[in-house]
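J.: generate coordinates for the sequence data below:
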Amino acid sequence: MDADKRICGRDPDSQYVELAVEVFGMLADATRVRLILALRDGEQSVNTLSATVDKSPAAVSQHLAKLRLARFVTTRQEGTRVFYRLANEHASQLVSDAIFQAEHSLGGTPRHHHGDEAVAQ
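T.: Here you go, the predicted structure:
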């Protein structure tokens with residue numbers, strides 16, 4: 001009978017709270033946040049991402065490996081090149097929401113409250 005009960009992951013005593021903390025921990029790095037932002041536009045290679053976030057390919061590969069283990073990104077191999085993409089829309093949404101929250105800390109009216117054209121910029 002308990003199988004019929006749906007457990008809400010958003011309850012304060014949910015088993016998912018600890019996992020959510022791990023998700024936030026994974027995003028507690030500026031390079032990983034930048035990588036997720038860069039991957040919103042679609043799959044990219046390590047070298048392309050490296051240029052985008054201004055880090056060495058080795059450093060980017062290490063961050064991507066962590067994001068892959070946490071299931072934020074997936075890969076596709078083409079010959080010797082590996083392409084990364086977001087596993088789903090949730091990581092992108094989390095990062096966007098965190099940036100919107102950060103905009104609130106600056107005072108005034110955040111750009112994301114100025115309409116769709118401000119958010120797209």
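J.: count the neighbours of Gln44 for me.
T.: Close neighbours of Gln44, defined as other Cβ atoms under 10 Å, add up to 17. For glycine as for every other residue, the C-beta is placed from the backbone atoms N, C-alpha and C.
J.: sorry, slip of the keys, the one I care about is Leu64.
T.: 23.
J.: state the pLDDT value of the residue lying closest to it once chain neighbours are set aside.
T.: Take Leu64 and drop its neighbours on the chain: the residue closest to it by Cβ to Cβ, 6 or more residues apart in numbering is Tyr84, 5.6 Å away. Reported pLDDT at Tyr84 in the predicted model: 98.
J.: same question for the helix or strand encompassing Tyr84: list its buried residues.
T.: Per DSSP states H and E, Tyr84 falls inside strand 81-86. Applying a neighbour-count criterion of 16 or more other Cβ atoms under 10 Å, one finds Phe83, Tyr84, Leu86 buried in strand 81-86.
J.: what residues does the last one make contact with?
T.: With contact taken as Cβ atoms under 8 Å, 6 or more residues apart in numbering, Leu86 is in contact with Ile36, Leu39, Arg40, Phe72, Val73, Thr74, Ser92.
J.: and it, how far from Glu43?
T.: As for Leu86, its distance to Glu43 is 9 Å (criterion: Cβ to Cβ, to the nearest Å).
J.: where does this structure dip in pLDDT?
T.: 1-8, 108, 110, 115-121 (pLDDT under 70).
J.: middle-most residue in it, spatially?
T.: Ala91 (3.4 Å; Cα atoms, centre = their mean).
J.: my read: it touches Ile36, true?
T.: Yes. With contact defined as Cβ atoms under 8 Å, Ala91 counts as touching Ile36 (5.2 Å).
J.: list residues touching both of these two?
T.: Counting by Cβ under 8 Å, 6+ apart, the shared contacts of Ala91 and Ile36 are Leu27, Phe72.
J.: next, work out how far apart Ser105 and Ala98 are.
T.: 11 Å.
J.: equivalent analysis for Arg34, please.
T.: Arg34 is 12 Å from Ala98, by Cβ to Cβ.
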